[in-house]
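Asker: Curious how this folds, go ahead:
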Amino acid sequence: MGAIIWESKELQAAVLALKVIDKDLRKEVLKRTRELILKDWDNAVSDEISTKGGDIYATRLTMRNTRVKVGTAGFSLQAATRGTKATSGGLISSRDFHLAEFGADKKVVPVNGRRGNTNYTYKRTVNTGFQRRVKNGRYAYKAAGKIMTRAIALYTQTSIQMVYAAFEGK
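Answerer: I've put the predicted structure just below:
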């Protein structure tokens, strides 16, 4: 959001207002802004997964772990940042989110086996449970693109409204 801020007088005003207001009021403004943006972010990611026909990996890896970080310099939308186990097979959201978001290439790998005293090698195809690889992301990236203008508006409006209400003494 950094480059966008300096192109708009309203965004500059919101950011500068957050930097100079009282610490307690700033905390309240950022908390309220985070709540509003997170609600939209959660809905956008879940809508994107459901409309694109997302599989169980996408749901568990990205949708359950959405977050919003809000500060005086702007905000960031995050998905799949927690290190929680997403599946019983051991997929961890923060480490394996790219499999759901960007897909994976199927690979044929040699595997060594043994039966009794006989060693043998066979080929196994791995990554068959994931969708094909894409460059621009499937769920979180598209959801972020769809709600970014609304999130910027919420950030600006909430900041200005709460600062104005405090200035008026309400």
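Asker: got a pLDDT number for residue 60?
Answerer: You'll see residue 60 listed with a pLDDT of 68.
Asker: Residue 149 now?
Answerer: 88.
Asker: Could you report the distance from it to residue 30?
Answerer: 20 Å (C-beta to C-beta, to the nearest Å). All C-beta atoms are positioned from the backbone trio N, CA, C, and that covers glycine.
Asker: With residue 115 instead?
Answerer: Distance from residue 115 to residue 30, by C-beta to C-beta: 62 Å.
Asker: who has more neighbours, those two?
Answerer: Legend: neighbour count by other C-beta atoms under 10 Å for residue 115 and residue 30, higher for residue 30 (20 against 7).
Asker: Just to be sure, that one is in a strand?
Answerer: No: per DSSP: H, G, I helix; E, B strand; the rest coil, residue 30 lies outside any strand segment and is helix.
Asker: Excluding residues flanking it in the chain, which one is nearest it?
Answerer: Of all residues beyond its chain neighbours, the one nearest residue 30 is residue 70 (4.9 Å), with distances taken as C-beta to C-beta, 6 or more residues apart in numbering.
Asker: Thanks a lot, catch you later.
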